[in-house]
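In: Compute the structure for the input listed below.
(one chain, ligands or ions: 2)
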Amino acid sequence: MAAHGPARKMTARPGGPLTGTAQVPGDKSISHRSLILGAMAVGETRVSGLLEGQDVLDTAKAMAALGAEVTRLDDGAWSVHGVGVGGFAEPEDVIDCGNSGTGVRLIMGAVATSPIAVTFTGDASLRSRPMGRVTDPLALFGARTVGRAGGRLPLTLVGAEAPVPVDYATPMASAQVKSAVLLAGLNAPGQTVVTERTGTRDHTERMLRGFGAEVETIRTDDGFRITLTGQSELRPQTIAVPRDPSSAAFPVCAALIVPGSDVLVPNIGLNPTRAGLFGTLQEMGADLIYENLREEGGEPVADLRARFSPDMKGIAVPPERAASMIDEYPILSVVAAFAEGETVMSGVHELRVKESDRIDAMAVGLRACGVTVDETEDSLTVHGCGPGGVPGGAEAAARLDHRIAMSFLICGMAAKSPVSVDDAAPISTSFPDFERLMGALGATLEREDA
Ligand SMILES: O=C(O)C1=C[C@@H](OP(=O)(O)O)[C@@H](O)[C@H](O)C1
Ligand SMILES: C=C(OP(=O)(O)O)C(=O)O
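Out: Ligands and ions are numbered 1, 2, ... in the order given. Okay, here's the model as predicted:
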């Protein structure tokens, strides 16, 4: 069974306009890291604004199973009493990371340099995703793993007894792989180095510095070189998690395509390693502006204001931008269907190994909605319907993928006929309040409980 419960069909009916303010949940990437780094610090870390989606709740449970004390307080903040670097206890049972690639890959890194055995599993989606990208570099530290064919979960990792530091170049643009190596490096003596050709989200590096670790990033001719000094103690922190730009993408894009809409999405973190979608939409001609642009905790933050934009044009999204908007291609491909002309999204082969094969999931679902789509191994091209509108009138398969489910529901809010998804339950992994929040803006979402 999926970690998020029984399948739940949902239908979005065209209507609108969408108006009002959308307070989206806390950032998923920062929420996972707050719990993991809090568990590796000595003393109490307090976290406010934590995303209480299933992915993050599964990471909280994992940290407790590894010996940290993790509590939700009466005021909604979370308290984590950490065990210190190298202090994890061997869990008594299997760690189930549900639907979360970030959760499982970062936790594997965090335990890889402690002499304990940990068995990981997840839902059917996570069990189909490649883990070799993480177990390969963790083996260099001295960790051993045994998993299913292709390094798939369930998998048992035995952490290194005498870890050695590692110098590793990530073969694909992945913040999860980079982060797993850095977290493993925390308990290895000396300097662990990760190099990446394309910069990926840098929350791990920023947060490690906040927790007192020595982490240096330098730009080189080949990309980025990140050096971490291992075996120093992490100091507990007070963390206010910013709101998630990847969740903000859904009400923002809905407002752009539903006639008459005007929606404000406040307090969105605009770390440049995450904000690629918003610039892309502006290049397409979206009426999307940053209000009240400011700096909070060293990161740019703004209120996003999105209004109906009937004149958007397709563009070629540069492949080098992919890492900064990797989770936003499904919803961008919906916006592209409503724009005029071709939107070419290239350099996106990583989309094939997310919660689902997102290139295929979007191509199949959009075609069912009457949109012309071309795909190659690493690209997706959407031929926009322009003023004629997107026909809709289809049911899309969510494939245990929250972003696919939300994208097709947004499509149905603006198409000529309703669009359904066979299973909206996975939405709770990252955006548990999606249905209520979109409804409050004026969207019509109907649920059919199985
Ligand atoms: O590090 C993270 O928090 C994440 C990294 C990305 O995955 P990859 O590292 O596989 O690109 C992204 O898709 C995921 O939602 C969150
Ligand atoms: C890819 C995603 O998450 P993860 O890899 O953590 O499952 C996502 O949230 O879009």
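In: Can you name the residue of the protein nearest ligand 2?
Out: In the chain, no residue comes nearer to ligand 2 than Gly101, which is 2.8 Å away by CB to the nearest ligand atom. Any C-beta I mention is one placed from the backbone N, CA and C, and that applies to glycine too.
In: Count the neighbours of that residue for me.
Out: Neighbourhood size, Gly101 [other CB atoms under 10 Å]: 21.
In: for stretch 408-427, how far is the first residue from the last?
Out: Stretch 408-427 has an end-to-end distance of 12 Å (CA to CA, to the nearest Å).
In: Quick check: mean pLDDT of the helix or strand encompassing Gly412?
Out: Using DSSP states H and E, Gly412 maps to helix 402-414. Helix 402-414 shows a mean pLDDT of 98 in the predicted model.
In: How about it and ligand 2, any contact?
Out: Yes. Counting by CB under 6 Å from any ligand atom, ligand 2 has neighbours in helix 402-414: Arg403.
In: how many other residues sit next to the residue lying closest to Leu281 once chain neighbours are set aside?
Out: Of all residues not flanking Leu281 in the chain, Leu288 sits nearest, at 5.3 Å (CB to CB, 6 or more residues apart in numbering). When neighbours are defined as other CB under 10 Å, Leu288 has 21 of them.
In: Ok, Arg219 next?
Out: A count of neighbours around Arg219, defined by other CB under 10 Å, yields 9.
In: Quick check: bridge partners of it?
Out: Following DSSP bridges, Arg219 is listed with bridge partners Phe224.
In: quick revisit: the helix holding Gly412 close to ligand 1?
Out: No. Shown here: helix 402-414 not in contact with ligand 1 (CB under 6 Å from any ligand atom), separated by at least 8.7 Å.
In: Heading C-terminal from that helix, find the next helix or strand.
Out: Going down the chain from helix 402-414, the next helix or strand is strand 417-421, by DSSP H and E.
In: How far away from the center of its chain is whatever helix or strand comes next after that following strand?
Out: The helix or strand immediately downstream of strand 417-421 is helix 434-441, counting by DSSP H and E. The chain centre lies 20 Å from the centre of helix 434-441; the measure is CA atoms, centre = their mean, to the nearest Å.
In: hmm, back to that, and the residue nearest to Leu281, bridged to which residues?
Out: Judged by DSSP bridges, the bridge partners of Leu288 are Ala306.
In: need the contact list for it.
Out: By CB atoms under 8 Å, 6 or more residues apart in numbering, Leu288 lies in contact with Val252, Leu256, Phe278, Leu281, Gln282, Leu304, Arg305, Ala306, Arg307, Ser309.
In: just Asp423 next, same as before
Out: Neighbours of Asp423 in contact, by CB under 8 Å, 6+ apart: Ala7, Arg8, Lys9, Ala397, Ala398, Leu400, Ala405.
In: ok, 6 Å please
Out: Counting by CB atoms under 6 Å, 6 or more residues apart in numbering, Asp423 touches Ala7, Ala398.
In: Quick check on the residue lying closest to Gly87 once chain neighbours are set aside: phi, psi?
Out: In space, and not counting its chain neighbours, Gly87 is closest to Gly67: 6.9 Å by CB to CB, 6+ apart. Torsion angles at Gly67 (phi, psi; degrees, to the nearest 10) stand at phi 110, psi -10.
In: Just to check, Gly67 is in contact with Glu92?
Out: No. Gly67 lies out of contact with Glu92 (CB atoms under 6 Å); the separation is 10.7 Å.
In: which one of those two has more residues nearby?
Out: Counted by other CB under 10 Å, Gly67 and Glu92 do not tie: Gly67 has more neighbours, with 17 against 6.
In: Would you mind measuring from that one to Ser246?
Out: Shown here: Gly67 relative to Ser246, a distance of 31 Å by CB to CB, to the nearest Å.
In: what's the helix or strand for Asn271?
Out: Residue-wise, Asn271 maps onto no helix or strand under DSSP H and E.
In: Distance-wise, check the nearest residue to it once chain neighbours are set aside relative to Thr21.
Out: Nearest residue to Asn271, sequence neighbours excluded (CB to CB, 6+ apart): Glu299, at 5.2 Å. Using CB to CB, we find Glu299 at a distance of 21 Å from Thr21.
In: returning to that earlier point: just the buried subset of the contacts of Leu288, please.
Out: Buried members of those, scored by 16 or more other CB atoms under 10 Å, are Val252, Leu256, Phe278, Leu281, Leu304, Arg305, Ala306, Arg307, Ser309.
In: Tabulate those residues (TSV), appending distance to ligand 1 and pLDDT.
Out: Supplementary listing: the buried ones among the contacts of Leu288 in TSV, determined by distance: CB to the nearest ligand atom, whole Å; pLDDT from 0 to 100:
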residue	distance to ligand 1	pLDDT
Val252	18	98
Leu256	22	98
Phe278	17	98
Leu281	19	98
Leu304	19	98
Arg305	25	98
Ala306	22	98
Arg307	28	98
Ser309	26	98
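In: Return the residues of the protein in contact with ligand 1.
Out: Counting by CB under 6 Å from any ligand atom, the chain sits next to ligand 1 at Ser29, Gly101, Thr102, Ser174, Ala175, Gln176, Ser179, Arg201, Ile326, Asp327, Glu350.
In: Could I get the full set of helices for this protein?
Out: With DSSP state H as the criterion, the chain has helices at 28-40, 54-65, 101-111, 124-127, 132-141, 175-185, 203-210, 245-257, 276-283, 329-338, 358-368, 402-414, 434-441.
In: any idea of the mean pLDDT for the fourth one?
Out: Okay, so that is helix 124-127. Mean pLDDT, helix 124-127: 98.
In: Can you tell me what sits against it?
Out: Residues outside helix 124-127 that contact it (CB under 6 Å, 6+ apart) are Asn99, Arg152, Leu153, Glu355, Leu400.
In: can you check the last one too?
Out: When contacts are defined by CB under 6 Å, 6+ apart, helix 434-441 is touched by residues Leu18, Gly20, Ala22, Ile427, Leu445.
In: is it true that the third one touches Leu264?
Out: Just to be clear, that refers to Ala22. No. Applying CB under 6 Å, one finds Ala22 not in contact with Leu264, separated by 7.2 Å.
In: Compare neighbour counts for those two and give me the winner.
Out: Just comparing Ala22 and Leu264: by other CB under 10 Å the higher neighbour count belongs to Ala22, 25 against 17.
In: lowest average confidence, helix or strand, in this structure?
Out: When the helices and strands of the chain are compared on mean pLDDT, DSSP states H and E, strand 444-449 comes out lowest with a mean of 90.
In: tilt between it and strand 417-421?
Out: 40 degrees (axes from the mean of the first three to the mean of the last three CA atoms, to 10 degrees).
In: in its sheet, what does strand 444-449 sit against?
Out: Sheet pairing for strand 444-449, assigned by DSSP bridges, gives strand 8-13 (antiparallel).
In: now what about the partner strand, what contacts it?
Out: By CB under 6 Å, 6+ apart, the residues outside strand 8-13 that reach it are 409, 412-413, 418-422, 424-425, 444-448.
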